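Participant: Need coordinates for the following:
(one chain, ligands or ions: 1)
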Amino acid sequence: MKKRVLIIGACGQIGTELTTRLRSIYGSQKIIASDIVEDSTGLLSDGPFEVLDAMDYDAVQDIVIRYEITDVYLMAAMLSATAEKFPMKAWNLNMSSLFNVLNLARDKKIDTVFWPSSIAVFGPTTPKTGTPQRTIMEPSTVYGISKQTGERWCEYYHQKYGVDVRSVRYPGLISYKTLPGGGTTDYAIDIFHKACKHKKYVSFLGAKTTLPMMYIDDAINATTTIMEVDKEAIKIRSSYNLSALSFSPEEIAAQIRSHIPEFEISYEPDFRQAIADSWPQNIDDNNAREDWGWKHKFSLEQLTEIMLENLKGKY
Ligand code: SER
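Facilitator: Numbering: from 1, shown residues only. Take a look at the predicted model:
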């Protein structure tokens, strides 16, 4: 099958690793990376790259036509903590980029869309543990409202126009290659950098704030798997719950201490505490496991080892 992929937001935390993985599967020339800025890391230099504003419909369409794109992965978004500071900017970016891509699919200019949702679609009234696929969803953050709305639109475009849109609700993602930007779960990455650099970390979330988390390779596997299965397998066109691990700052600190015994953590919760408190602690992802064979691989122990191993040389 002739597949040509456009990744929008390819320089971000997920986009970078997704681009690398898709290039290794389909060949570098078939995966077009794009972002609002040039790639400053050099990590995407092995294939085509375009500077692209996801909010500019004509510019997105131009690249789709020029490269004969079949699949778009829309990874550009403003995350939860930054979105609280710039509500209108976040809403405009998160929604207009999605409409641009959904409309290209509605008009048959592309075949398939991947768009990530998030645990942020849930809110304070959602059951906190074993959060079901279908449950109360009253998100209390700008980011969560944009993801919840996006889910509704994805399902609508599928039902009304037959758009093949696929989505998962990512938990907090842990990775070392690039830094995340502006999320509430970012502490769980920063803690490894600070552990390697200063052997100390001041957490912006309280000791016992448990959130759903996942190692990046699992998230990339989920993404490529849901995009590869037959469309009949995809029974949910809003977004699938996706789960791997759950831990709190004190639990991850204990893991780090098993490698760096002198590591110290202290707690100074800020505005991000309220965001974290509105999200579930762990999620039921049986639909993803049953419908398209989702399985996670990495444990907290394993990801701790990988993170420390890869970051220790950096400082
Ligand atoms: N990791 C994201 C955030 O914290 C949640 O999707 O904003």
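
Participant: Give me every residue in the protein lying close to the ligand.
Facilitator: 79-80, 118-120, 143, 170, 172, 183-185 (C-beta under 6 Å from any ligand atom). Where you see a C-beta, it was placed from the backbone N, CA and C, and this is true even at glycine.

Participant: Include distance to residue 242 when you put these into CSV, please.
Facilitator: Formatted as CSV, the residues of the chain next to the ligand follow (distance: C-beta to C-beta, whole Å):
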residue, distance to residue 242
79, 17
80, 17
118, 10
119, 9
120, 13
143, 17
170, 6
172, 12
183, 16
184, 17
185, 14
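
Participant: In ChimeraX, select just the buried ones from those residues.
Facilitator: In ChimeraX, this line selects whichever of those come out buried by 16 or more other C-beta atoms under 10 Å:
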select :79,80,118,119,120,143,170,172,183,184,185
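
Participant: In strands only, show me the residues of the chain next to the ligand.
Facilitator: If you go by DSSP state E, those have 118, 170, 172 in strands.

Participant: need the contact list for the last one.
Facilitator: Taking C-beta atoms under 8 Å, 6 or more residues apart in numbering as the criterion, residue 172 is in contact with 119, 183-186, 188, 211-214.

Participant: Dump those residues to JSON lines, plus pLDDT.
Facilitator: Formatted as JSON lines, the contacts of residue 172 follow (pLDDT from 0 to 100):
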{"residue": "119", "pLDDT": "98"}
{"residue": "183", "pLDDT": "95"}
{"residue": "184", "pLDDT": "97"}
{"residue": "185", "pLDDT": "97"}
{"residue": "186", "pLDDT": "96"}
{"residue": "188", "pLDDT": "98"}
{"residue": "211", "pLDDT": "98"}
{"residue": "212", "pLDDT": "98"}
{"residue": "213", "pLDDT": "98"}
{"residue": "214", "pLDDT": "98"}
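
Participant: Let's see which of those end up in helices.
Facilitator: If you go by DSSP state H, the contacts of residue 172 have residue 188 in helices.

Participant: Among the contacts of residue 172, pick out the one closest to the ligand, please.
Facilitator: The closest of those to the ligand turns out to be residue 183 (C-beta to the nearest ligand atom; 2.9 Å).

Participant: wait, doesn't the closest one sit right on residue 81?
Facilitator: Yes - using C-beta atoms under 8 Å, residue 183 makes contact with residue 81 at a distance of 6.1 Å.

Participant: quick one: residue 46 from residue 3, how far?
Facilitator: For residue 46, the distance to residue 3 (C-beta to C-beta, to the nearest Å) stands at 18 Å.

Participant: I appreciate the help and will end here.
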